[in-house]
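J.: how would this look folded up:
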Amino acid sequence: MKAWISRSLNRKLVFVLSGATIFVSMIFLFLFLALYQAQLRNEISQASSSVNELLQASLENAMLKRDIPGLAGIVQRLGQLDGIDQVMILDPRGEVRFSSDSSLLGHVFDMDSEEICNNCLDTGSAGESTAFMMNERGVEVLRSINPVQNREPCQVCHGAMTSNPVNGILFVDYSATSLRQQAMLMSTLLLFAGFLVLLLLASIVWWGQRQLVLSPIRKLKTATTRISGGHLDERVNLKGEDEFSELGRSFDDMAVALESHVRTLQENEHYLQALINAMPDGVLVIDEEFRILNANDAYCRMTGYALDEVVGSHCFRCNHGRESPCPPTMQTCPVAELAPDKNEIKCLQTFETKNGDECTVEITASSFDVKIGGEKRRLTVESIRNMAEMVRFSQEQRLSGLGLLASGVAHEIHNPLASIRLAIQSSIRRMKQAGGNEDLLQDLKLVDSEIDRCVSITERLLKLSKHPDTRLQPIDAHVALKETLSLVGYESESTGIELVIHPRASDPVILADDSELRMLILNLVQNAFHAMPGGGKLEVSTDNENDAFNLRVRDSGVGICDRDFAHLFEPFFSRRADSEQGTGLGLAICQSITERFGGTIQASNNPDGGACFHVMLPLAADQTES
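T.: Below is the predicted model of the structure:
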């Protein structure tokens, strides 16, 4: 009940008002009963005085006429009236001389009791008195006591008025039951009338407060709820000039200002989010509890998570798939490593994407202090660079450099060679027509064939440096392999490396990009050359196994250390046997190209020494069917 009332201002006001009205009504009811009883006693006292005057006259008449039975008859008839219990006349000594109840005749009252004032009888100044009491039969009555004054005609029998001021005392007992019933009836009527007044008053108050108080409050509550729910254009629009109307106008002004501030904050937030989304590298903002406060689109693309999955989550879960912070002995954590006196840190990490793949990244992190919710917080911002993207960019840069080189070769070598070739061919034709020296003719033909070979080499360079196509095309892998290996023939001879080719694959057509496939082969061969600084043997073999084109590049070099296998294809990892400092991008580019073609690349050590790189690429027919 209490909870039901407390949930409504209307019910609380009605409850308080009703309680106050009932309390005040009860006070007035008790006052009314007291006044009503006093009024009853006064009216009964007046009625008793009238009866006393009547009896006085009857007594005087009976005394003068000596008609005592007539007086007794009057008392008897008075006792039979409605509402009167009994009537008695006592002599000055307190003895009952006349009574409507004959059993009380001769009964003597104590004249010294509080009921009868003996002094009043002596002085003759007695007045009426009325009070509720129990009569001689144990019945509650309202007793009216009235002295019968001695008068001049009565002095013959009762003596002088100075010595006998009263001739007797008149007792009139009114039935208390009927009086109390009457009082109860009046009280009930009063209570019912009060209840009707209370109900009417409560209804009026309820309607008034509903219209004047609750309706504006309800509008304010509705507007507050809608504004908190995001409807910033909600307004109260209260009419009038009272306090609630002023409050409504102030609320609307506040809502306008709030809408303006919120929209400004939203615009700033969208601007900042668009700003970090425009960054090519991934961005994370992390608090001291490793919780991600913000991220950008580049990070989401890198890890495969949606933005709402990242924000609010922990960095160790999104970056490494862990349920607890990374152990500092296993991972360099920028959040843990950045001390107040250390503003920047750079490290390499391997992320685990949403689908379970691994991604090598370079993290550059710094920290800064900011107040959030009035509390000073230290945040860490991480710039995350995808090494695979760097490899792709490096590959594009490398291919672009080769393209410029090939373009220069085409202009500086290919065109002059073409002109010389035309001149030699023209000379050969003229010598044939003139029947020239046969030995000279053969020399010119040899020069022509060598020029063809030079032109062919420049064409292969052009194919190698061609910019990668976004669409994969059917490529004859053997053609690309042979033409690419022809470019390293001179290098193999000059470094003492025996180059052996075993093309066992039949019709090895794969879906690939020609220039990228040639770059893949070239990088694997050059990597093998670097592993044999003192010369050796390089075997390049192909076959069609497991419905795939298999390319194996075996060298007789120093092999691969066990500790290097885990980092072999990581960007910028380099450990060359010729003691030269490499870029560390060759094998990373090979892996990137292989994965783009839908294949795999693996490295192992040969039983008799050296290393072997095994590339598996799906055949074009299999990819078309799938």
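J.: residue 534: what secondary structure?
T.: Each residue gets one of three states, and residue 534 gets coil by DSSP: H, G, I helix; E, B strand; the rest coil.
J.: now it. Nearest residue, chain neighbours left out?
T.: Distances taken as C-beta to C-beta, 6 or more residues apart in numbering place residue 496 nearest to residue 534, at 7.3 Å, with adjacent residues excluded. For every residue, glycine as well, the C-beta is placed using N, CA and C.
J.: one more: residue 259?
T.: In space, and not counting its chain neighbours, residue 259 is closest to residue 232: 4.0 Å by C-beta to C-beta, 6+ apart.
J.: next, that neighbour: phi, psi?
T.: Dihedral pair for residue 232: phi -70, psi -10, per degrees, to the nearest 10.
J.: what's the pLDDT at it?
T.: pLDDT for residue 232: 80.
J.: state the distance from it to residue 483.
T.: Applying C-beta to C-beta, to the nearest Å, the value for residue 232 to residue 483 is 68 Å.
J.: which parts of the stretch 201-350 of the chain are helices?
T.: 215-228, 243-277, 297-303, 307-310, 315-320, 334-337 (DSSP state H, counting those that start in this stretch).
J.: please disregard the earlier target; I meant the stretch 501-626 of the chain.
T.: Taking DSSP H, counting those that start in this stretch, the helices of the stretch 501-626 of the chain run over residues 514-530, 586-596, 620-625.
J.: nearest to residue 296, of the ones you listed?
T.: Within the helices of the stretch 501-626 of the chain, the stretch nearest residue 296 is helix 586-596; the backing value is 23.1 Å (C-beta to C-beta).
J.: what comes up buried for the closest one?
T.: Within helix 586-596, the residues scored as buried using 16 or more other C-beta atoms under 10 Å are 586-594.
J.: what is the nearest of the residues you listed to residue 260?
T.: The shortest gap between residue 260 and any of those belongs to residue 592, at 50.4 Å (C-beta to C-beta).
J.: can I get the helices of the stretch 501-626 of the chain in a markdown table including mean pLDDT and distance to residue 21?
T.: Below are the helices of the stretch 501-626 of the chain laid out as a markdown table (pLDDT from 0 to 100; distance: least, C-beta to C-beta, whole Å):
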| stretch | mean pLDDT | distance to residue 21 |
| --- | --- | --- |
| helix 514-530 | 86 | 94 |
| helix 586-596 | 83 | 86 |
| helix 620-625 | 60 | 91 |
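J.: got CSV for those, with distance to residue 72 too?
T.: Below are the helices of the stretch 501-626 of the chain laid out as CSV (distance: least, C-beta to C-beta, whole Å):
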stretch, distance to residue 72
helix 514-530, 147
helix 586-596, 139
helix 620-625, 142
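J.: looking at these, which is nearest to residue 372?
T.: With C-beta to C-beta, the closest approach to residue 372 among the helices of the stretch 501-626 of the chain belongs to helix 586-596: 40.1 Å.
J.: which secondary structure elements does that closest one contact?
T.: helix 387-409, helix 514-530, strand 600-605, strand 611-618 (3 or more C-beta pairs under 8 Å, 6 or more residues apart in numbering; DSSP states H and E).
J.: please repeat the previous calculation with a cut-off of 7 Å.
T.: Other helices and strands packing on helix 586-596, by 3 or more C-beta pairs under 7 Å, 6 or more residues apart in numbering; DSSP states H and E, are helix 387-409, helix 514-530, strand 600-605.
J.: show me how the chain divides into domains.
T.: 10-181, 233-275, 276-387, 471-626 (automatic domain parsing).
J.: quick one on the thing from earlier: distance of the residue nearest to residue 534 relative to residue 502?
T.: Remark: distance between residue 496 and residue 502 (C-beta to C-beta) = 21 Å.
J.: doesn't residue 533 make contact with the residue nearest to residue 534?
T.: No. Applying C-beta atoms under 7 Å as the test, residue 496 and residue 533 come out as separate, 9.8 Å apart.
J.: of the two, who's got more company?
T.: Using other C-beta atoms under 10 Å as the criterion, residue 496 and residue 533 rank with residue 533 on top: 17 against 12.
J.: state the distance from the more buried one to residue 568.
T.: 19 Å.
J.: now what about stretch 355-374, what contacts it?
T.: For stretch 355-374, the external contacting residues (C-beta atoms under 7 Å, 6 or more residues apart in numbering) are 302, 304, 334, 338, 343-353, 376-388, 570-571.
J.: and the residue nearest the centre of the protein?
T.: residue 229 (11.2 Å; C-alpha atoms, centre = their mean).
J.: how far off strand 611-618 does the strand or helix carrying residue 481 point, in degrees?
T.: Element membership for residue 481 (DSSP states H and E) is helix 477-486. Angle, helix 477-486 to strand 611-618, by axes from the mean of the first three to the mean of the last three C-alpha atoms, to 10 degrees: 150 degrees.
J.: what comes up buried for helix 477-486?
T.: Buried residues in helix 477-486, counted by 16+ other C-beta under 10 Å: 477-478, 480-481, 483-485.
J.: over to stretch 306-320?
T.: Of the residues in stretch 306-320, 309-311, 313-320 count as buried by neighbour count, 16+ other C-beta under 10 Å.
J.: in CSV: those, plus pLDDT and distance to residue 218.
T.: Formatted as CSV, the buried residues of stretch 306-320 follow (pLDDT from 0 to 100; distance: C-beta to C-beta, whole Å):
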residue, pLDDT, distance to residue 218
309, 90, 40
310, 90, 42
311, 91, 37
313, 92, 41
314, 91, 44
315, 89, 47
316, 87, 49
317, 88, 46
318, 88, 46
319, 86, 50
320, 85, 53
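J.: what's the closest of the residues you listed to residue 267?
T.: Distances from residue 267 to these, taken by C-beta to C-beta, are shortest for residue 311, at 19.1 Å.
J.: give the contact list for the closest one.
T.: Residue 311 is in contact with 292-295, counting by C-beta under 7 Å, 6+ apart.
J.: mean pLDDT per helix and strand in this protein: which one sits at the bottom?
T.: Across the helices and strands of the chain, the lowest-confidence element by mean pLDDT, DSSP states H and E is helix 118-123, at a mean of 46.
J.: for the helix or strand that that helix is followed by, packing partners?
T.: As assigned by DSSP H and E, the chain's next helix or strand after helix 118-123 is strand 129-134. In terms of contacts (3+ C-beta pairs under 7 Å, 6+ apart), strand 129-134 is packed against helix 9-65, strand 140-149.
J.: all good on my end, thank you.
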